[in-house]
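Enquirer: Structure for the following, please:
(2 chains)
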Amino acid sequence: GQQLNQSPQSMFIQEGEDVSMNCTSSSIFNTWLWYKQDPGEGPVLLIALYKAGELTSNGRLTAQFGITRKDSFLNISASIPSDVGIYFCAGQETSYDKVIFGPGTSLSVIP
Amino acid sequence: EPEVTQTPSHQVTQMGQEVILRCVPISNHLYFYWYRQILGQKVEFLVSFYNNEISEKSEIFDDQFSVERPDGSNFTLKIRSTKLEDSAMYFCASSANSDTQYFGPGTRLTVL
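Expert: Coordinates of the predicted model:
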């Protein structure tokens, strides 16, 4: 089945630093998604990407859909304490299809 | 802003007992999903549901699991005879006519 890998597994950064995390897939996706999960909560969608090469921003977050359709990255600029959480990349093969999640990147922000 | 709601937030049950997890999807949504997340692991797909029938199910979704949309608002996941390894967070999600699935806050199921 499809496998997603995320790197790094965890990050410890100082408040104000920029963050970059990556996701690669064993197969092609037509939609790439980035979710954030706070402890005890459900995943919350941050950014959705629908076209290869697409670069999309949402406030301090920027994500790109790789040209090969097998990778994506998420950047967070000027991190703040509330950025703490687990960031999951995810993909869908087609509309309405199941979401396949990566293993997550745990982000800790040191004030 | 409309949101997916789930009840209960935490369910504790004895092994072998039946549990029903409840979800109220966003009102105009047509596609419904259940996912689970074992502690410390990634979120895994269980089942998708559309037009009153299962669209797709994963290997995890065996004969012990069933889903139902008993009325116009609720979407339930039933586990017939719980096992210890069913302990996890269970998330309901729904989507309208787009790719975006909105997740509920989850039900933490603990099987003793």
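Enquirer: so how far is stretch B:14-21 from its chain's centroid?
Expert: 14 Å (CA atoms, centre = their mean, to the nearest Å).
Enquirer: Sorry, wrong one. I was asking about stretch B:52-69.
Expert: Centre to centre, stretch against its chain (CA atoms, centre = their mean), the figure for stretch B:52-69 is 10 Å.
Enquirer: I'd like to know how far the most centrally placed residue in chain B sits from B:A88.
Expert: For chain B, the residue lying nearest the average C-alpha position, counting by CA atoms, centre = their mean, turns out to be B:W34 (3.5 Å). Remark: distance between B:W34 and B:A88 (CB to CB, to the nearest Å) = 11 Å. Where C-beta positions appear, they are placed from N, C-alpha and C, glycine not excepted.
Enquirer: Residues of chain B that sit close to chain A?
Expert: With CB under 8 Å from any CB of the partner chain as the criterion, chain B meets chain A at residues B:4, B:31, B:33, B:35, B:41-45, B:48, B:50, B:55-56, B:58, B:91, B:93, B:95, B:98-106, B:108.
Enquirer: Which members of these are classed as buried?
Expert: Among those, the ones that count as buried by 16 or more other CB atoms under 10 Å in any protein chain shown are B:4, B:31, B:33, B:35, B:42-45, B:48, B:58, B:91, B:93, B:95, B:99-106, B:108.
Enquirer: Out of these, which sit inside helices?
Expert: Judged by DSSP state H, the subset of those located in helices is empty.
Enquirer: Tell me which entries of the residues you listed lie within strands.
Expert: B:31, B:33, B:35, B:44-45, B:48, B:91, B:93, B:95, B:102-103, B:108 (DSSP state E).
Enquirer: Distance to A:S26 added to the residues you listed, as a markdown table?
Expert: Shown next, in a markdown table, are these (distance: CB to CB, whole Å):
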| residue | distance to A:S26 |
| --- | --- |
| B:Y31 | 25 |
| B:Y33 | 22 |
| B:Y35 | 20 |
| B:E44 | 16 |
| B:F45 | 16 |
| B:S48 | 21 |
| B:F91 | 24 |
| B:A93 | 23 |
| B:S95 | 24 |
| B:Y102 | 27 |
| B:F103 | 24 |
| B:R108 | 31 |
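Enquirer: Just put these in CSV and tack on distance to B:P70 and pLDDT.
Expert: Below are those laid out as CSV (distance: CB to CB, whole Å; pLDDT from 0 to 100):
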residue, distance to B:P70, pLDDT
B:Y31, 17, 92
B:Y33, 17, 96
B:Y35, 20, 97
B:E44, 25, 95
B:F45, 22, 96
B:S48, 18, 94
B:F91, 20, 97
B:A93, 18, 95
B:S95, 20, 91
B:Y102, 21, 90
B:F103, 21, 93
B:R108, 23, 97
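Enquirer: In the beta-sheet assignment, what are the partners of the closest residue to A:G104 other than its chain neighbours?
Expert: Distance criterion CB to CB, 6 or more residues apart in numbering or on different chains; nearest residue to A:G104, sequence neighbours excluded, is A:I86 at 4.4 Å. Taking DSSP bridges as the rule, A:I86 bridges to A:Q37, A:S106.
Enquirer: Tell me the pLDDT of the residue lying closest to B:K57 once chain neighbours are set aside.
Expert: Distances taken as CB to CB, 6+ apart place B:V47 nearest to B:K57, at 4.5 Å, with adjacent residues excluded. pLDDT for B:V47: 97.
Enquirer: show me the contacts for B:V47.
Expert: B:33-34, B:54, B:56-58, B:61, B:65, B:67, B:77 (CB atoms under 8 Å, 6 or more residues apart in numbering or on different chains).
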